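S.K.: predicted coordinates and the sequence they were generated for:
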Amino acid sequence: MQEREGGAVHNRLREARRAAGWSQGDLAARAGVTRQTIGALEAGLYAPTMAVALRLARALGREVGALFWLADERPAVPAELLPGMGPAGDAPLRVQVARVGGRTLARPAGAYAPADGLVAAPPGAEHPYDRVLVELLTAPEVLDASVVVLGCDPALATLAAHLGRRHPGLRLIADNAGSLAALAALARGEAHVAGMHLRDQAAGEYNLPFVRRAFAGRHVAVVTAAHWEQGLIVAAGNPRGIAGAADLARPDLAIVNREAGAGSRAALDQALGAAGVAPAAVRGYDRTVGSHAAVAEVVAAGLADAGPGIRAAAAGRGLGFVPLVYERYDLVIPGEHRDAAPVQALLDTLASPGFRADLAALPGYDASRTGSVVLDERV
């Protein structure tokens, strides 16, 4: 992206106009200014008046601060701050920012995830804020070129890499969440896509009963991301001789579990039920962590003998694995996001031969039906 300077003002007017598919004359007509004004601004010949800046921002559906800013300042956009870890003391909060539908959403960035912007933290402020001003560290256009996916699949990082290669300029923001939490956040409009692997025991079906309840009366698409092996992550070589869920009732064993609503916890609960083991009989059942990787880390550290997770997470730490069930991991997409360019790029990448080959090479993954549509209708 090029930054133009006129006096003490930078602008990204040309990039925003081209993203809208408009000529200079089109934008001029919509904003009520002359084509010569648009040309001069894009060439950096002068800074706009406040009235002109407001008209252009309104015509393009952008915040003024994302189109024009002082040369010694970064562009800024107002956003809704989603729940997450707040800053320490008065330190600014690092956030990732994306537009989801008509909302600009900022979510706290992980410790080493690249931040899109910073949110100043006034002394004594409580998080989350309803509305914040995000000082951007990236081009404002990135906000519209992002697909936000909530889920627990470690392979979302692989999908993000393939998306970036296949569709330069677009990106995937992945935020870790268990199945029910991801689905609930999706229904609240906080993401474009949610991943889930939950079996409804009464219906004997994966994911769809939960989707129908969460999106009753709405159009929704469900697309398979992968099938995988779910089971117990154990120490390398399985020295405790754990053969299945029934063994977890042994008094000499302790586990680490996933949080309520996670697909791995639900799979463990179903396996315990089938084995006639009450959760209360399992040491460590109420000790929880928030991801497949975290379960593997606890077991690898010798702080638990087993924990529920997928085979790939165990293999990634050189650990053993006791299979329990073969699961379908689906991506859920509300109908209002189905045709958005970043979502279409994600679906194209999901079904691409390169990504499927990469996915199939991961331990315990089956990519034979990756990209297949399970549901696409009003539920």
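M.R.: Cool, the structure landed. Residues are numbered from 1 along each chain as shown.
S.K.: check which helix or strand covers the residue lying closest to D376 once chain neighbours are set aside.
M.R.: Closest residue to D376 apart from its sequence neighbours, by C-beta to C-beta, 6 or more residues apart in numbering: A221 at 4.3 Å. Yep, even glycine has a C-beta here, placed from its N, CA and C like the rest. Using DSSP states H and E, the element containing A221 is strand 219-234.
S.K.: and R165, by the same measure?
M.R.: Going by DSSP H and E, R165 is part of helix 156-166.
S.K.: chain center to that helix, what's the gap?
M.R.: How far helix 156-166 lies from its chain's middle: 13 Å, per C-alpha atoms, centre = their mean, to the nearest Å.
S.K.: residues in contact with that helix?
M.R.: By C-beta atoms under 8 Å, 6 or more residues apart in numbering, the surrounding residues in contact with helix 156-166 are 147, 149, 170-172, 174, 195, 225, 345-346, 348-350, 352, 354-355, 358-359, 362.
S.K.: helix 156-166 and the next helix-or-strand element following it, what's the angle between them?
M.R.: Downstream of helix 156-166, the next assigned helix or strand under DSSP H and E is strand 171-176. Strand 171-176 and helix 156-166 are oriented at 180 degrees to each other (axes from the mean of the first three to the mean of the last three C-alpha atoms, to 10 degrees).
S.K.: and the helix holding R165, which residues are buried?
M.R.: By neighbour count with 16 or more other C-beta atoms under 10 Å, helix 156-166 contains the buried residues L156, T158, L159, A160, H162, L163.
S.K.: can you pull out the helices in the stretch 1-150 of the chain?
M.R.: 13-20, 24-31, 35-42, 50-60, 64-67 (DSSP state H, counting those that start in this stretch).
S.K.: then the stretch 201-350 of the chain?
M.R.: Listed in chain order, the helices of the stretch 201-350 of the chain (DSSP H, counting those that start in this stretch) span residues 208-214, 263-275, 292-300, 311-316, 341-350.
S.K.: those helices: which one's closest to D116?
M.R.: D116 sits nearest to helix 341-350 of all these, at 14.5 Å, using C-beta to C-beta.
S.K.: remind me what that closest one packs against, helices and strands.
M.R.: Applying 3 or more C-beta pairs under 8 Å, 6 or more residues apart in numbering; DSSP states H and E, one finds that helix 341-350 makes contact with strand 146-151, helix 156-166, strand 171-176, strand 219-234.
S.K.: quick one, strands of the stretch 251-379 of the chain?
M.R.: Taking DSSP state E, counting those that start in this stretch to define them, one finds strands in the stretch 251-379 of the chain at 257-258, 288-289, 306-310, 320-334, 365-366, 373-378.
S.K.: wait, which of those is closest to R62?
M.R.: It's strand 320-334; of the strands of the stretch 251-379 of the chain, that one is closest to R62 (C-beta to C-beta) at 23.9 Å.
S.K.: mind listing what's buried in that closest one?
M.R.: Judged by neighbour count using 16+ other C-beta under 10 Å, the buried positions of strand 320-334 are G320, F321, V322, L324, E327, R328, Y329, D330, L331, V332, I333, P334.
S.K.: would TSV of those with distance to P279 be doable?
M.R.: As requested, the buried residues of strand 320-334 are exported to TSV (distance: C-beta to C-beta, whole Å):
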residue	distance to P279
G320	23
F321	22
V322	18
L324	15
E327	20
R328	25
Y329	24
D330	26
L331	30
V332	28
I333	33
P334	34
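S.K.: make TSV from the buried residues of helix 156-166 and add pLDDT to it.
M.R.: Listed next are the buried residues of helix 156-166 as TSV, based on pLDDT from 0 to 100:
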residue	pLDDT
L156	97
T158	97
L159	98
A160	97
H162	98
L163	98
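S.K.: among these, which one sits closest to T288?
M.R.: Closest to T288, out of all of these and judged by C-beta to C-beta, is L156, at 21.0 Å.
S.K.: neighbours of Q36, just the number please.
M.R.: Neighbour count for Q36, taken as other C-beta atoms under 10 Å: 10.
S.K.: most tightly packed of the helices and strands packed on helix 341-350?
M.R.: Of all these, strand 146-151 has the most neighbours on average by mean count of other C-beta atoms under 10 Å, namely a mean of 26.
S.K.: list just the nearest of the buried residues of strand 320-334 to D130.
M.R.: Proximity of the buried residues of strand 320-334 to D130 (C-beta to C-beta) peaks at P334, which lies at 22.7 Å.
S.K.: one step back: do you know which of the helices of the stretch 201-350 of the chain lies nearest L137?
M.R.: Comparing the helices of the stretch 201-350 of the chain by C-beta to C-beta, helix 341-350 comes nearest, at 19.8 Å.
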